[in-house]
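Colleague: Sequence and predicted structure are below.
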Amino acid sequence: MGKCKKRTLTRPVLESNIKREDAVKQIVEKIHSNKLDTEAKKLLTLFGITPEELTEAGATYEEAIILKRHM
């Protein structure tokens, strides 16, 4: 198998067809359920989501600041 095909098969599903708004909603849901994992951190870095966007989507100020410090 060639390098390109191997990379395509191992690429996570997240990077394929997700919008920024959907990513913010998923992150806020994970914050509220206390299940902040590497998938959520990848979304944060992939889209460059700011704490202000998270607070607008429903996260509390404290949750957004904690995420900013850990990233």
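Modeller: That came through fine. Numbering: from 1, shown residues only.

Colleague: For the one helix or strand residue 62 maps to, list every residue counted as buried.
Modeller: Using DSSP states H and E, residue 62 sits in helix 61-70. For helix 61-70, burial by neighbour count (16 or more other C-beta atoms under 10 Å) applies to 63, 64, 67. No exception for glycine: its C-beta is placed from N, CA and C like everyone else's.

Colleague: Spatially central residue for the protein, please.
Modeller: residue 43 (2.3 Å; C-alpha atoms, centre = their mean).

Colleague: dump the residue contacts of the nearest residue to residue 49 once chain neighbours are set aside.
Modeller: Spatial nearest neighbour of residue 49, chain neighbours left out: residue 24 (5.9 Å); criterion: C-beta to C-beta, 6 or more residues apart in numbering. Taking C-beta atoms under 8 Å, 6 or more residues apart in numbering, we find residue 24 in contact with 47, 49, 53, 54, 57.

Colleague: ok, of these, which come out buried?
Modeller: Buried among the contacts of residue 24 by 16+ other C-beta under 10 Å: 47, 49, 53, 54, 57.

Colleague: just those now: which is nearest residue 35?
Modeller: Nearest to residue 35 out of those is residue 54 (C-beta to C-beta; 15.4 Å).
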